[in-house]
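Trainee: following is a predicted model, sequence given first.
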Protein chains: 2
Amino acid sequence: MKTDIEIARAARMEPIVDIAARIGIPGAAVLQYGPWKAKITPDYIRSLADRPDGHLILVTAMTPTPAGEGKTTTTVGLGDGLNRIGRKAMICLREPSLGPCFGMKGGAAGGGYAQVVPMEDINLHFTGDFHAITAAHNLLSAMVDNHVYWGNELGLDVRRITWRRVMDMNDRALREIVCSLGGVANGFPREAGFDITVASEVMAILCLAVDLDDLERRLGNIVVGYTRDRKAVTAADIGAAGAMAVLLKDALMPNLVQTLENNPAFVHGGPFANIAHGCNTVLATRTALKLADYVVTEAGFGADLGAEKFFDIKCRKAGLKPAAAVIVATIRALKMHGGIRKEDLARENVEAVRSGLANLGRHVRNVGRFGVPAVVAVNTFSSDTPAEFAAVQEFCAELGVEAIRCTHWADGSKGTEELARKVVSLAESGMSQFRPLYDDELPLWEKVRTIARSIYGAEDIVADAAIRDQFRALDAQGYGHFPVCMAKTQYSFSTDPNLKGAPSGHVVGIREVRLSAGAEFVVVITGEIMTMPGLPRIPAATSIRLDEHGQVVGLF
Amino acid sequence: MKTDIEIARAARMEPIVDIAARIGIPGAAVLQYGPWKAKITPDYIRSLADRPDGHLILVTAMTPTPAGEGKTTTTVGLGDGLNRIGRKAMICLREPSLGPCFGMKGGAAGGGYAQVVPMEDINLHFTGDFHAITAAHNLLSAMVDNHVYWGNELGLDVRRITWRRVMDMNDRALREIVCSLGGVANGFPREAGFDITVASEVMAILCLAVDLDDLERRLGNIVVGYTRDRKAVTAADIGAAGAMAVLLKDALMPNLVQTLENNPAFVHGGPFANIAHGCNTVLATRTALKLADYVVTEAGFGADLGAEKFFDIKCRKAGLKPAAAVIVATIRALKMHGGIRKEDLARENVEAVRSGLANLGRHVRNVGRFGVPAVVAVNTFSSDTPAEFAAVQEFCAELGVEAIRCTHWADGSKGTEELARKVVSLAESGMSQFRPLYDDELPLWEKVRTIARSIYGAEDIVADAAIRDQFRALDAQGYGHFPVCMAKTQYSFSTDPNLKGAPSGHVVGIREVRLSAGAEFVVVITGEIMTMPGLPRIPAATSIRLDEHGQVVGLF
């Protein structure tokens, strides 16, 4: 069996200008980064404003397990499948983060015969977007400490500086540091730390901004810390927003690549799916909708987090109206939710599948709450049996949705033809009545409660008085109309990653609330959220190198 | 008068593929980064191996003053001038660092009518080389702390970890930090710190490597720290060299841009000129020599540092044979060396010029010690008077070199025609008998003494016994054959930046010696060397922004 990288290398890529031309993008609007990658110019994107939008299709998933689901793979496969049945389709994906590639093996550009290419480039520096975000973020950090150093006119309380630094690297040693040591010339020592770049608010902002002006406005609204009397100090106060926007002007242009089947794909932006909303850029999605009849995109984690944030944050704020949703499931993951250990997944076990279906069922009903019609895509593994699949079909039929077997990993677009036809019929039926889950006007605490009850099946939410005060303070300070961005474990509907299936009646404890004033959401944290990963005992980096032909080995 | 950025914007750039074609680079060897920037593929570069080399011309300068000299500007102007008189010429420059752009105003891509373009791109992210260097450097840093975290098999003494982290940002708060705070999960707290990316040994290595294999070999040799019994631990021991090379594979390809007059220029690599050697990449220089009859390049700081390192490190190690050197001087700088304050430079003062000429004279004689014929380029300012220039000419004639007025800043290549003709006559005379200043076999301490006496005019060098022991230890450990890389103030031949002119009889105190085992030189530090700059009270960043057309303002 060929590995992902072998399949990717064997692909016959077409020049990216030809891919662009096929969806009508003229050469002058294509900024090439080598022959296989390009950015699309803002002037051209503006020129599309009056075109009608295509259908937006969300690919989401059941609650993830170590068995894997294949959300990105299904997104790519469905995009290729739609093209195969004669629809003009594009896909929109997130950019992978560089740092984690050197930790555990595995890139993030799909897999098997459903990949975007050139995969090494996409997984390494790509077009430099993440480096630009790192630079813009850290410029603000440097300017904050520099402001304090030169007299601290704004009166920042150094204990209350909330703006950290970022690096696109798994480096646990930087999680908590003391900076500005070494005497007078180096400033005022204080506690500080680094997050990984995907966790930067600048990343979330880039992904939600509709244009350069909106980007700069949002950057200026970033709260970097507070004065001793708790007055917020912003990036605009520090004078950093303009220079940050300059650093990000190229990063804001969507990146065009292609699938293994030479269909166009935007791969652009990649915010964390816990402390941020986990979707590719609004600009890429909107542009794709102008260029194609179908745009297939994905959201991070399971539907309780990814789809909810896609609908309640991205679609609400960008005015997007999804036409249908695909919920990816695997027989293996269903068995794990049914209580089977990873080691025993290969054996047929229809009972375990049945018992795991409660998890899928809740996700299906949840997507329905947003008014979006859904289909279940069963991403096939060779160990799946007909009886197991029949159990899934039966269960889905009772819920009023179809379950369709997909074999895109092995077969490419041939393996998603049926799924593509179903998606077309859902989208063209005009059934979608998209609405966010809650109104902008609901107080922040009530927004969280609504999500916990409707989506997580929880009884209620709880928090210490201090945290409830913070919710009220944010409402009072004028941030009450923001959506909430839930940071919860992706491994359970509850806050306990070990609670598989579809737990209910549980209580969601809120540990922390953070304002992302530039991204324009309020992050609600329900567990330990790791914003700077570490490397494992034997990092993948130790086996990554160039072979005698200058080709990368060990990356995947 | 137009500003540099206005002139640059008004330039009629030609597509970079056309620029490449004009020097014979086929389209398939050109990796475009947008229409105006490109990288040249390694396969193509290898294919040039058997071609003869063109003439290599070094542009260096007298001791810099706040009045400015215009070394980069003269390099660009001379390249254009050589093309103007019918020679096939290329220039090779260093890439500017991003961080400092946000501190003091001013880019580093030449000025006036002698610039390389697109200047904003070159001064911002360009083709991502510095970001790649940052990532490769910090991957090694993360792997070092990760190694300690997971059991420290190699027995690294955390107090003796010498490998810091880097960021392409002026951030004084990161100069000295304590990392790995926060408890067991974050590792073992220790003192650490950040340098600016241009100070990274990875930058020096990239600039000296002759191909990917050499790059990986050098990366593996980097010493990251020592065990308790002082055994060196390398990047190869940590297992990082392969992954670092993967991160750097694109960065190693030379970047092609153009001058305002549409002549080809490589802008590639930018190591610090104090703790490193301050020249663009060997690969760019060597490639240019295969493509053009004349290659004009520059070296950082004045000739005592820049030219000495260019000759003794870069040319020695890369087997380059410079044909001629241009020493840039200005009447203003000569006056400052003659004791005049910056405020009084506008007034004619032939006496001050005469007294400042001692500085220029020593640089001229120093270049002669390397067997390279020289010409003095007087970079003209409007305040210069004929009598002042006559004094320079007379002085130079006595030294046996010509002094030629250049007006490239105002006139482009028209202003360097005479200089170009002189350079051609020097180069084609075959006069150059290039030889490094000292032999590889000389002990390290003697190499330093040779430079101090021959180049700086010093009486001797001194150091504490502990430092002299380090010199002997390095000789004994097999590093004695490395060249030395002097880190000294660029503002004086001595170690006192206030000693203008041509001081002699002074003593050079050695404060510190550092091994750059990957770059393959030994850094000898003679003063306070700042490897992480800070931002000024009002950073340039506060006035950098995008205007209503999306164009950068405030950067220059």
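Mentor: Right, received. Where do you want to start? Numbering: from 1, shown residues only, chains lettered A, B, ... in the order given.
Trainee: tell me the SS of the closest residue to chain B within the stretch 201-350 of chain A?
Mentor: The shortest separation between the stretch 201-350 of chain A and chain B is 2.7 Å, found at A:Gly242 (distances taken as CB to the nearest CB). For glycine as for every other residue, the C-beta is placed from the backbone atoms N, C-alpha and C. Assigned with DSSP: H, G, I helix; E, B strand; the rest coil, A:Gly242 falls in the helix class.
Trainee: pretty sure it contacts B:Ala540?
Mentor: No. Assessed by CB atoms under 8 Å, A:Gly242 is found out of contact with B:Ala540, at 10.8 Å.
Trainee: those two: who's more crowded?
Mentor: Just comparing A:Gly242 and B:Ala540: by other CB atoms under 10 Å in any protein chain shown the higher neighbour count belongs to A:Gly242, 23 against 19.
Trainee: contacts only, for the more buried one.
Mentor: With contact taken as CB atoms under 8 Å, 6 or more residues apart in numbering or on different chains, A:Gly242 is in contact with A:216, B:541-546, B:554.
Trainee: quick check: closest non-adjacent residue to the residue nearest to the spatial centre of chain A.
Mentor: By CA atoms, centre = their mean, the mean C-alpha position of chain A lies nearest to A:Gly278, the distance being 2.4 Å. In space, A:Gly278 comes closest to A:Gly300 once its chain neighbours are excluded; the distance is 3.0 Å by CB to CB, 6 or more residues apart in numbering or on different chains.
Trainee: which ones are touching the one you found?
Mentor: If you count contacts by CB under 8 Å, 6+ apart, A:Gly300 has them with A:94, A:272-273, A:278-279, A:306, A:309, A:490.
Trainee: tell me what A:Phe521 is bridged to.
Mentor: Taking DSSP bridges, one obtains A:Ser516 as the residues bridged to A:Phe521.
Trainee: I'd say it and A:Pro483 touch.
Mentor: Yes. A:Phe521 is in contact with A:Pro483 according to CB under 8 Å; the separation is 5.1 Å.
Trainee: which neighbours do these two have in common?
Mentor: Here A:Phe521 and A:Pro483 share the contacting residues A:Ile313, scored by CB under 8 Å, 6+ apart.
Trainee: shouldn't A:Ala374 be in contact with A:Pro322?
Mentor: No. Taking CB under 8 Å as the contact criterion, A:Ala374 and A:Pro322 are not neighbours in contact, 10.3 Å apart.
Trainee: circling back: can you select the buried ones among the contacts of A:Gly242 for me in ChimeraX?
Mentor: For anyone working in ChimeraX, the buried entries among these, judged by 16 or more other CB atoms under 10 Å in any protein chain shown, can be selected with:
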select /A:216 /B:541,542,544,545,546,554
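Trainee: separation between the residue of the stretch 201-350 of chain A closest to chain B and A:Leu248?
Mentor: Taken as CB to CB, to the nearest Å, the spacing of A:Gly242 relative to A:Leu248 amounts to 11 Å.
Trainee: what's the helix or strand for the residue nearest to A:Gly79 when sequence neighbours are not counted?
Mentor: Nearest-residue entry for A:Gly79: A:Ile91, 3.7 Å, with adjacent residues in sequence omitted and distances by CB to CB, 6+ apart. A:Ile91 is located in strand A:89-93, with elements delineated by DSSP states H and E.
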